[in-house]
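Trainee: Model the following, please.
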Amino acid sequence: MLRNYIKIAFRNLWRNKVFSGINVIGLSVGLASCLLLFMYITHELSYDDFQQKADRIVRVTMEYSMEGRVAKIPQTGTKVAPEFGRQFPEIESGVRMINRDAVVLKGDRQFSEKRLVYADSAFFSLFSFPLLKGNSQTALNGPNQVVLSETTAEKYFGTESPVGKPLRINTGGSFRDYSVTGVVKDCPANSQIKYDLVASFKTLPAAKKEEWYSSNYATYLLLRSPDAIAPLQAKIPGFMKTQFSKDEMSPGSYLTYTLEPLRRVHLHSDVEGSFEPNGDLTYIYIFGSIALLILLIACVNYVNLATSRAVERAQEVGVRKVMGAMQGQLFGQFMGESIIITSVALLLGLLLAALTLPLFNTLSDRQFSFVVWLQPKNLLMLLGVGVVVSLIAGSYPALVLARYQPIRVLKGQLKTAGAGQFRRTLIVFQFAITAFLITSTLLVRNQLTYIQHKKLGYGKDHILLLPVDRQVNEKIQAIKSEFRQNADVQRVSLASDSPVYVEGGYGMRGSTMPEGQRKMVAGLSIDEDFVPAMSLHLVAGSNINAADMERVSRTDNDSLTRSRFILNETAVKELGWTPQQAIGQRLDMSGRLGEVKGVVADFHFASMKEKIGPLALFPENGGEILLVKLSGSQLSNTLQFLESKWRTIIPDRPFAYEFMDEEFNKLYAAETRTGQIFSIFAFLSIFLACLGLFGLSAYTTAQRTKEIGVRKVLGASVISIVGLLSKDFLKLVVISILVASPLAWYAMNQWLQDFAYKITIDGWVFALSGALAVGIALLTVSFQSIKAALMNPVKSLRSE
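Mentor: Numbering: from 1, shown residues only. Model prediction:
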């Protein structure tokens with residue numbers, strides 16, 4: 001019996017190749033989309049699951065306030081881990097870490113390393129990063145020790161054991177010999193802590209002193225019990241109040257720390273990641289919803305096509321029931337067809353997902369491997385997905401067909417009005433999804449375009465950013481002089497950070513403010529070339545000059561005139577001045593005394609998710625970023641010229657640069673990826689919806705072939721016939737647009753709340769997305785309609 005059912009199922013599917021093909025293609029595309037998006041979602045949700053002590057590990061973030069302005073940062077001072085360990089018995093151990101760019105010298109070759117992490121000796125006992133070689137207890141317990149990742153060890157030492165061998169490393173000053181004390185397994189992709197080299201924290205001068213305010217270090221604590229997180233958190237604010245005198249902390253100001261469970265940092269923290277950008281739980285919901293909606297569209301196609309063909313299958317059901325077939329047997333027959341189609345679609349979906357995985361890796365900025373689906377638990381999950389899809393797609397058509405009464409069917413008294421209404425509802429549902437995705441895609445892309453083209457207040461085009469160290473600072477004048485020999489080089493400037501994202505924070509007090517009262521400002525040290533290099537607009541006063549740069553190097557007692565500040569308009573406003581009034585005003589910025597020399601127009605020095613805050617630019621002889629402003633006319637030749645000069649002056653450091661616009665784009669990498677993924681999967685949803693509509697219109701047109709022939713004989717035009725066949729479908733599409741538009745408005749309005757600077761949601765977006773949905777549906781339906789309208793009526797009426 002089972003063999004007979006399978007044979008009948010295959011014969012029926014083969015007899016209706018077009019409809020079977022549409023179902024298989026639709027389900028395979030839907031399943032492939034789900035598989036790819038599921039890989040991304042499970043990866044994001046699995047962050048730090050491999051850490052064996054994850055339930056007891058917390059990250060410490062710093063929160064401080066000045067005059068009601070609150071800031072939260074992922075860094076702390078060097079004192080948090082040791083002092084908390086001494087004061088709170090809930091803490092078992094702690095680790096301080098900082099990531100540094102490094103230059104590694106191996107033989108006569110130089111290597112630029114972006115992920116050298118300095119960490120306390122408890123690093124390997126706190127985290128589950130297994131050492132392949134070396135002793136985890138002693139690998140980081142002394143200065144100038146370094147542990148290499150497996151890949152890094154192979155890069156520098158090949159197949160030889162690196163343990164005990166020296167490695168010359170420069171992390172900002174000069175080259176120093178480090179002793180390799182171990183090899184650690186490469187960090188997993190789902191780890192928030194990323195490294196290629198791990199060096200001992202005792203190497204740093206910062207390890208010799210404990211400070212609350214010098215906030216440059218990531219701090220992780222291992223608690224004795226998972227239940228200790230809440231009690232310990234409750235103790236911290238009160239403890240921190242006892243650490244500062246009234247002179248150090250003005251009324252309304254405070255400094256405290258927050259404990260974040262390790263597994264919640266990546267997706268749930270409102271503070272940026274310490275070693276890599278955080279994920280976003282919103283995007284997990286978005287991608288999960290897209291995957292589910294696309295699969296639902298594919299299932300809707302199956303249901304629509306199966307129920308539309310119910311009349312054709314009705315006589316088969318009637319005859320089989322007369323021959324003694326039970327309702328359960330018929331249900332099993334039709335579910336068997338559904339299972340066959342789903343099984344074939346699942347195999348094709350796996351193949352399609354494997355073929356498109358490299359593209360998806362590029363889109364998601366991840367390195368997924370399809371091998372993950374060969375694991376037993378994932379194979380079982382795939383089998384479960386196949387069963388669920390078969391039930392969703394096949395159960396309703398199977399129930400409808402199996403419940404037909406044989407007498408009514410064989411007498412031709414079959415009524416399908418209910419099924420027709422159900423199909424129309426499903427068409428509205430799937431095109432509502434499509435219209436929702438089209439509208440959302442347009443708005444996401446509009447926001448990204450807005451960010452890319454919004455005036456930032458500074459010029460970011462054709463500016464090179466080169467990380468520098470003490471050696472470069474000592475030779476900065478020679479570098480500037482040599483670089484300026486090229487006509488394409490317009491300016492060369494030294495700063496403490498890139499203006500794309502300024503992280504330094506300071507407390508500032510104007511001379512007219514009460515003692516102890518301070519305003520929180522971001523701070524960026526610059527030289528005399530910075531303002532013109534960045535094309536900043538001075539609204540009052542003047543730029544700092546060479547004399548101002550010389551003044552900050554003086555060691556006399558003229559401290560009140562030592563510094564010159566350039567404030568942005570927001571800082572001036574918060575201090576209670578107009579730009580003109582600000583010029584010459586005395587300031588104290590975290591002990592740096594001086595006066596305001598200039599005021600620049602506000603510019604974006606952080607993500608557009610944040611409002612422009614107060615900023616102070618101040619002169620300093622030294623920095624960490626070299627900015628080279630180019631005209632861009634001879635870019636390739638200029639880069640070769642700069643590299644040759646660099647190698648001559650700074651032979652011990654690679655010429656490693658990045659363009660400022662590339663760094664700017666990194667701020668919105670997550671949004672850009674979301675926009676691209678939205679676009680692709682919106683296209684897939686349109687494809688699937690049109691595929692189902694194509695099959696449904698083909699069937700409907702075939703059912704009305706004779707009617708069309710009669711109308712043509714009676715003089716109906718091609719246009720009137722196309723309109724007749726298309727209008728019912730287009731009505732449903734219009735209804736779906738009306739349903740989807742308010743949902744899309746609400747969802748995208750919520751998404752845009754993350755941005756301080758954003759587009760307005762205009763009506764034309766909904767009009768455009770509606771027009772696109774109607775146009776696409778019309779093209780899909782009219783293909784079959786035109787084909788039927790152009791058919792010779794003699795052929796369609798021959799059997800009459």
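Trainee: Please name the spatially closest residue to Trp745 (chain neighbours excluded).
Mentor: Ile761 (6.0 Å; C-beta to C-beta, 6 or more residues apart in numbering). The way it works is simple: take the backbone N, C-alpha and C, and place the C-beta from them, glycine included.
Trainee: is it true that the one you found lies in a helix?
Mentor: No: checked against DSSP: H, G, I helix; E, B strand; the rest coil, Ile761 lies outside a helix; its state is coil.
Trainee: Show the pLDDT at the spatially most central residue of the chain.
Mentor: Residue closest to the mean C-alpha point of the chain, counted by C-alpha atoms, centre = their mean, is Ala670 at 2.5 Å. Ala670 is assigned a pLDDT of 76 by the prediction.
Trainee: Now do the contacts for it.
Mentor: Going by C-beta atoms under 8 Å, 6 or more residues apart in numbering, Ala670 touches 277, 279-280, 283.
Trainee: Of those, just the buried ones, ChimeraX syntax please.
Mentor: Of these, the buried ones can be selected in ChimeraX as follows, counting by 16 or more other C-beta atoms under 10 Å:
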select :279,280,283
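Trainee: Break down the stretch 251-400 of the chain into its helices, ranges please.
Mentor: For the stretch 251-400 of the chain, the helices defined by DSSP state H, counting those that start in this stretch occupy 262-268, 281-308, 310-322, 327-364, 376-402.
Trainee: ok, the residue nearest to Trp745 touching Asn749?
Mentor: Yes: contact criterion C-beta atoms under 8 Å: Ile761 and Asn749 qualify, at 6.3 Å.
Trainee: Pick the one among the contacts of Ala670 closest to Thr674.
Mentor: Thr674 lies nearest to Tyr283 out of the contacts of Ala670, by C-beta to C-beta, at 5.8 Å.
Trainee: Which residues are in contact with that closest one?
Mentor: 670, 674.
Trainee: And it, how far from Glu44?
Mentor: Distance of Tyr283 to Glu44, computed by C-beta to C-beta, to the nearest Å: 8 Å.
Trainee: And for Trp577?
Mentor: Separation of Trp577 from Glu44 (C-beta to C-beta): 47 Å.
Trainee: same thing with Ile169?
Mentor: Separation of Ile169 from Glu44 (C-beta to C-beta): 33 Å.
Trainee: neighbour count winner among the two?
Mentor: Per other C-beta atoms under 10 Å, whichever of Ile169 and Glu44 has more neighbours is Ile169, with 23 against 19.
Trainee: surely Tyr506 meets Ala616?
Mentor: Yes: the criterion here is C-beta under 8 Å, and Tyr506 meets it with Ala616 at 6.9 Å.
Trainee: So for the two, which residues contact both of them?
Mentor: Between them, Tyr506 and Ala616 share these contacting residues under C-beta under 8 Å, 6+ apart: 521-523, 589.
Trainee: and of those, the nearest to Ile476?
Mentor: Gly523 (20.2 Å).
Trainee: Quickly list what that closest one is bridged to.
Mentor: Ala616 (DSSP bridges).
Trainee: Now for it: which residues touch it?
Mentor: Counting by C-beta under 8 Å, 6+ apart, Gly523 touches 502, 504-506, 589, 615-618.
Trainee: Out of those residues, which one has the weakest pLDDT?
Mentor: Gly504 (73).
Trainee: which residue sits closest to it, ignoring its sequence neighbours?
Mentor: Closest to Gly504 by C-beta to C-beta, 6+ apart is Gly523, at 4.5 Å.
Trainee: quick one: the one you found from Ser590, how far?
Mentor: Taking C-beta to C-beta, one finds Gly523 at 8 Å from Ser590.
Trainee: shared neighbours of these two, which are they?
Mentor: Common contacts of Gly523 and Ser590 (C-beta under 8 Å, 6+ apart): Tyr506.
Trainee: before we move on, the earlier item: between Tyr506 and Ala616, who's got more neighbours?
Mentor: Remark: of Tyr506 and Ala616, Ala616 carries more neighbours, 26 against 19, as counted by other C-beta under 10 Å.
Trainee: three-state assignment of Leu222?
Mentor: Going by three-state DSSP: Leu222 is strand.
Trainee: same check, this time on Asn190
Mentor: Three-state assignment for Asn190 (three-state DSSP): coil.
Trainee: Would you map the strands across the stretch 451-600 of the chain?
Mentor: Using DSSP state E, counting those that start in this stretch, the strands of the stretch 451-600 of the chain run over residues 463-467, 489-495, 505-510, 519-526, 538-541, 563-568, 586-589, 592-600.
Trainee: Any chance of CSV for those, columns distance to Arg263?
Mentor: Converted to CSV, the strands of the stretch 451-600 of the chain look like this (distance: least, C-beta to C-beta, whole Å):
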stretch, distance to Arg263
strand 463-467, 32
strand 489-495, 37
strand 505-510, 28
strand 519-526, 31
strand 538-541, 48
strand 563-568, 39
strand 586-589, 39
strand 592-600, 41
